[in-house]
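> Have a look; sequence and predicted model below, questions after that.
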Amino acid sequence: MYRYDEFDARFVAERVSQFRSQTERRLSGELSEDEFKPLRLMNGLYLQLHAYMLRVAIPYGTLSSQQMRALADISEKYDRGYGHFTTRQNMQFNWIALEDTPAILEDLAKVEMHAIQTSGNCIRNVTADHWAGAAADELADPRPVAELIRQWSSLHPEFSFLPRKFKIAVTGAPNDRAAVKFHDIGLRLHLNEHGQRGWEVIAGGGQGRTPMVGVTVRDWLPEAELLGYLEAIIRVYNLFGRRDNKYKARIKILVHETGAEKFRDLVEEEYARKPGSGIEVDARELERIEAYFGGPNFEVLAMVQPEFEQDKLRGREFARWVRANVSAHQMPGYAIANISVKPVGGIPGDATAAQMRTIADIAERFGNDEIRVSHHQNLVLPHVRQSDLHEIWQVLQANGLGTANLGLIGDIISCPGLDYCALATARSIPVSQALSRRFSNPDRQAEIGPLRLNISGCINACGHHHVGHIGILGLEKKGVEFYQITLGGSSATDSAVGGVLGPGFSAEEVPDAIETIVDTYIALRMDKETFLQAYRRVGAGPFKEALYAAA
Amino acid sequence: MPLLNQREFKADPWTFLDTSEPVPSGGDIVVPFERLVSDFKTLMLHDGQLGVAFPNNLPVTELEPYLQRLQLVTLDFPAFTDGRAYSQARELRTHFGFKGELRAAGNLLPDQLGFMQQVGFDYFEIADERFSLDAWLDAATSISLSYQPSFTSRSQMPISTARGLADTSAPDAEDWPEQPHYG
């Protein structure tokens, strides 16, 4: 966990009092709503359908138990006793009063948290692999670099009024769990033959109305040049990105309209001018950040933990949870425990204050005091002993957090949709709840195997439907909601944008349609083929036929 | 229009000429960029300082041939949400080493003043008289630290500098020129 030093703390404290003054000026009428809007957005405050929504930054998805408890306290003190984990590893509170916001930001600052740049046309909260520092396949923990970028991008004077929002994701593993090809900039760590670290720089990816897979601008950028190079890319974007149409203002459109080659030339030309001294990554500063993370003190454990193996043999349900939710750790005898925030019939990503406290307690007792938020809207205990898993699972079970569906069809990503969002065209939460109930049987889910089902309530695609193996997009025509289905998307290493299958369905028809698609897959799959593999082999044809031929 | 610098409002000593107004025989003048380009041969001989009002949709490389003669560049913020001139200012200061006066004009808000100073602006044309001098200066100094060491201004100290100043750990020992105990 990165700990603030006195300067990080002072910076956030000053930011809170600045926002207090801005809020007072808004409430007194000195600032108009138009003028206040970009200021409040840069502090994570949205005006939604029914109330203000505050989005709290969870940098690269890492939380301590103390921070999780603070979020629980805020949800009770200022909201309705629950919070919502988002696809950008953040937390949203949906029922906030404007007057309370400065006090909430003060409470957050006490536990080294803030809401800076969780919204607005600026560089947003940096996201990273949620298994960072734990995953068995990792080359190096990407979070020190993510923290470096967080600091560098905080109140960046040149990049606070960009054409549109700007999202950066970082991964230190070959298996992409951070969706680096679907961000404005994605960074992927590589090691060369001498073991030196370099970053692959991918730009122009994104979802929304115009989903695009990012293009690699540099294959291997020496780490020391990282910030200078990011500055060059974002400067090119700030100067040449479109500002005439907000739907064409993201960097992906600039990359697309300019052409990847020409865009690369513009960036290299800008970068060649050397943006002045003081921008190269200071190795000492990176070392300082790494030291402030202070890694967990792992015990030396045996590869095989007999107790854990016996626990699995004794209980079928526990074994099922382990199979679905527990992942390999880089240290022998340890494991990554993934907590599903997708109970059957629940709202994806919503957690009550009591649940947040339960998870904080478990992390403190068993998990090196560390919690992660994943972009799939789940939580992770990255460092737990295998021998503690059974006890952890029992506590999770008792608190409605033991659902064994990670990466399965019940692990649905969903945006808040028309129940909360001012932009939505359709409801997404009730549809995801209906689907979660339809596929509630854990044996059935296990039989279906790995399947990402993502739902968005409008074309802005916050529910990541483009990259769902099955994606559902809620639209509206003449006051009636309908849902379009896409197949074949992926945000992982094999990234792809899903293709639309055919005419849409009403909300009531969606569960049957999805069931038909799943049955079609099961009937045609070969050996251990996953849904995505099968779809890539056979294409949309058999699914279209099964869905539409009868009509 | 009042002109704000780091400390106070003052009267604008420069005269702005549009595309057709005659050039006075002396004094400091600012012209739109297209006029600078078309009349540069005569303007360069003007008896007084010369400035340009440059739009935010052209690359500042187009200013390069004229920079030697220019003592002032005014950059435009057509809307306070349109942040192109932040990058233009940064490029003028760092890539082209422009040392003259850099002005921000258009739609400005007190809460942006700190950022503008950090990218190199030193004067601000204040069209909107709603805000007091204190409102402007307080907003500009409300954040005293900056995470971007290469974007310095009078009111922000780079956090890296602050960290260096606070670093009380002993410096690395220098190598001995010789090793007396050897052998």
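Nice, I can see it.
> Can you check which helix is longest in chain B?
Of all the segments assigned as helix in chain B under DSSP state H, the longest by residue count is helix B:84-94.
> immediately after that one, which helix or strand?
Scanning forward in sequence from helix B:84-94 by DSSP states H and E, the next helix or strand is strand B:101-106.
> tell me the mean pLDDT for the longest helix of chain B?
Mean pLDDT, helix B:84-94: 96.
> touching chain A at all, that helix?
Yes: Helix B:84-94 comes into contact with chain A (Cβ under 8 Å from any Cβ of the partner chain), by way of B:84, B:86, B:87, B:88, B:90, B:91, B:94. All C-beta atoms are positioned from the backbone trio N, CA, C, and that covers glycine.
> In those residues, find the pair that's most separated.
For these, the farthest-apart pair by Cβ to Cβ is B:84 and B:94; their separation is 16.1 Å.
> In space, what's closest to the closest residue to chain A within chain B - neighbours in sequence excluded?
Nearest to chain A in chain B, going by Cβ to the nearest Cβ, is residue B:83, at a distance of 2.8 Å. With Cβ to Cβ, 6 or more residues apart in numbering or on different chains as the measure, residue A:161 is the residue that lies nearest to residue B:83, at 2.8 Å, once sequence neighbours are left out.
> same check, this time on residue A:174
Once its chain neighbours are removed from consideration, residue A:174 has its nearest residue in residue A:137; the separation is 6.0 Å (Cβ to Cβ, 6+ apart).
> So that neighbour is in contact with residue A:172, correct?
No: in this structure residue A:137 lies outside contact range of residue A:172 using Cβ atoms under 8 Å: 9.7 Å.
> can you list the weak-confidence ranges in chain A?
Counting by pLDDT under 70, chain A contains low-confidence residues at A:275-279, A:550-551.
> Got the domain ranges for it?
As recorded under automatic domain parsing, the domains making up chain A are A:6-110, A:127-290, A:306-398, A:413-548.
> and the longest one, how far out from the chain's middle?
The chain centroid and the centroid of domain A:127-290 are separated by 16 Å, computed with Cα atoms, centre = their mean, to the nearest Å.
> Let me see the residues that make contact with stretch A:140-153.
A:2, A:8, A:59-60, A:62, A:117, A:122-123, A:125-129, A:132-133, A:159, A:168, A:170-172, A:178, A:187, A:189, A:191, A:197, A:199, A:223, A:226-227, A:230, A:281, A:285-286, A:289-290, A:293, A:295, B:147-148, B:159 (Cβ atoms under 8 Å, 6 or more residues apart in numbering or on different chains).
> Out of those, which end up buried?
Taking 16 or more other Cβ atoms under 10 Å in any protein chain shown as the criterion, what is buried in those is A:2, A:8, A:59-60, A:62, A:117, A:122-123, A:125-129, A:132-133, A:159, A:168, A:170-172, A:178, A:187, A:189, A:197, A:199, A:223, A:226-227, A:230, A:281, A:285-286, A:289-290, A:293, B:147-148, B:159.
> Sitting in strands, which of these do you find?
By the criterion of DSSP state E, membership of those in strands covers A:62, A:127, A:128, A:168, A:170, A:171, A:187, A:189, A:197, A:199.
> And the second one, how close does it get to residue A:149?
Just to be clear, that refers to residue A:127. Distance, residue A:127 to residue A:149, using Cβ to Cβ, to the nearest Å: 10 Å.
> Next, show the common contact partners of these two.
In contact with both residue A:127 and residue A:149: A:168, A:170, using Cβ under 8 Å, 6+ apart.
> Can you point out the helix or strand that includes the residue nearest to residue A:288 when sequence neighbours are not counted?
Excluding its sequence neighbours, the residue lying closest to residue A:288 (Cβ to Cβ, 6+ apart) is residue B:163, at 7.4 Å. With elements delineated by DSSP H and E, residue B:163 resides in helix B:159-166, which encompasses its position.
> Could you check that helix and say which residues are buried?
Neighbour-count burial for helix B:159-166, counted by 16+ other Cβ under 10 Å, picks out B:159, B:160, B:162, B:163.
> Residue B:157 is in contact with residue B:147, correct?
No: with contact defined as Cβ under 8 Å, residue B:147 and residue B:157 do not form a contacting pair (11.0 Å).
> Which stretches in chain B count as helices?
Listed in chain order, the helices of chain B (DSSP H) span B:33-38, B:40-43, B:84-94, B:113-119, B:133-140, B:159-166.
> avg pLDDT for the fifth one?
For helix B:133-140, the mean pLDDT works out to 90.
> now do the second one
Averaging the model's pLDDT scores along helix B:40-43 yields 96.
> so how far is residue A:132 from the closest residue to residue A:173 other than its chain neighbours?
Using Cβ to Cβ, 6+ apart and skipping the chain neighbours, the partner closest in space to residue A:173 is residue A:138 (4.4 Å). Distance from residue A:138 to residue A:132, counting by Cβ to Cβ: 7 Å.
> same deal with residue A:88?
Computed as Cβ to Cβ, the residue A:88 to residue A:132 distance reads 15 Å.
> now residue A:306
With distances taken as Cβ to Cβ, residue A:306 is found 30 Å from residue A:132.
> ditto for residue A:28
Counting by Cβ to Cβ - residue A:28 and residue A:132 are separated by 44 Å.
> The nearest residue to residue B:7 once chain neighbours are set aside: neighbour count?
Distances taken as Cβ to Cβ, 6+ apart place residue B:137 nearest to residue B:7, at 7.5 Å, with adjacent residues excluded. Neighbours of residue B:137 under the rule other Cβ atoms under 10 Å in any protein chain shown: 17.
> one step back: could you say which helix or strand contains the residue nearest to residue B:83?
In this assignment (DSSP H and E), residue A:161 forms part of neither any helix nor any strand.
> Pretty sure it sits against residue A:122.
Yes: taking Cβ under 8 Å as the contact criterion, residue A:161 and residue A:122 are neighbours in contact, 7.4 Å apart.
> Tell me the residue of chain A that sits nearest chain B?
Ranking the residues of chain A by distance to chain B (Cβ to the nearest Cβ) places residue A:161 first, at 2.8 Å.
> Tell me who's in contact with that residue.
Residues near residue A:161 by Cβ under 8 Å, 6+ apart: A:38, A:121, A:122, B:80, B:81, B:82, B:83, B:86, B:112.
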